[in-house]
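K.L.:
Starting from these lines, generate the structure:
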Amino acid sequence: MQAKEIVKLTEQNVMPILDENGLEFVDCEFVKEGPQWYLRVYIDKEGGVGIDDCELVSRALDAKLGDDLTEQPYIMEVSSPGLDRVLKRDAEYTKYKGRLVDVKLFKALDGIKEYSGSLIGLEGDNVAIENEAGEKLEFERKNIASVRLTVII
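P.N.:
Here you go, the predicted model:
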């Protein structure tokens, strides 16, 4: 089974678990890092998730997936996306409107690859932010490596 199929199957199996427990699906990935494969499921809820939430989902999902998911051994991780979460889904651009974000580009624009500002949101195929000078900046999604919430300490 290919990685995309494993992710899709995992998403299908985890959604009822999350719905039953008032949790939100954020993302899922099946990736190889070094010699090891990882199945990662990121969850959230209002006020943040705790270790108990992650354990509950991990156990329930492991029971649903069983041993037949893939022939290669893997490590399953269930966790929060973190305070500096990467925005991936369209709904997150609405949910986090007004929050400070860091935008990293694949290629420099006017000699700059990283921008920061207040998230305006999605405008067509563009991500819009307002920088400290109050200027609106727009970036084509295809040119964006990541949009991440800024953590202020």
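
K.L.:
switch to C-alpha atoms for all contacts and neighbour counts from now on
P.N.:
Fine.

K.L.:
Now the helix or strand containing Y93: buried residues?
P.N.:
Using DSSP states H and E, Y93 sits within helix 90-95. Using 16 or more other Cα atoms under 10 Å as the burial criterion, the residues of helix 90-95 that qualify are Y93.

K.L.:
Roughly how far does P81 sit from P35?
P.N.:
Look at P81 and P35: by Cα to Cα, to the nearest Å, they are 24 Å apart.

K.L.:
Settle it for me: which of the two has more neighbours?
P.N.:
P81 (17 against 5; other Cα atoms under 10 Å).

K.L.:
For N131, give its distance to Q12.
P.N.:
Taking Cα to Cα, one finds N131 at 39 Å from Q12.

K.L.:
Who has more neighbours out of the two?
P.N.:
Legend: neighbour count by other Cα under 10 Å for N131 and Q12, higher for N131 (16 against 11).

K.L.:
Might one say that that one is in contact with L137?
P.N.:
Yes - N131 lies in contact with L137 (Cα atoms under 8 Å); the separation is 7.2 Å.

K.L.:
any idea which helix or strand comes after the lengthiest strand in the chain?
P.N.:
Counting by DSSP state E, the longest strand found in the chain is strand 112-123. Sequence order places strand 126-130 as the next helix or strand after strand 112-123, per DSSP H and E.

K.L.:
C-terminal to whichever strand or helix holds V31, what's the next element?
P.N.:
Here V31, judged by DSSP H and E, is contained in strand 24-33. Using DSSP H and E, the helix or strand that follows strand 24-33 in sequence is strand 36-44.

K.L.:
backbone phi and psi for M15, please?
P.N.:
phi -60, psi -50 (degrees, to the nearest 10).

K.L.:
ok, now which ones touch the residue nearest to D84 when sequence neighbours are not counted?
P.N.:
Counting by Cα to Cα, 6 or more residues apart in numbering, D84 lies nearest to L149, which is 4.7 Å off, once chain neighbours are set aside. Residues near L149 by Cα atoms under 8 Å, 6 or more residues apart in numbering: L83, D84, R85, V86, L87, R99, L100, V101, D102.
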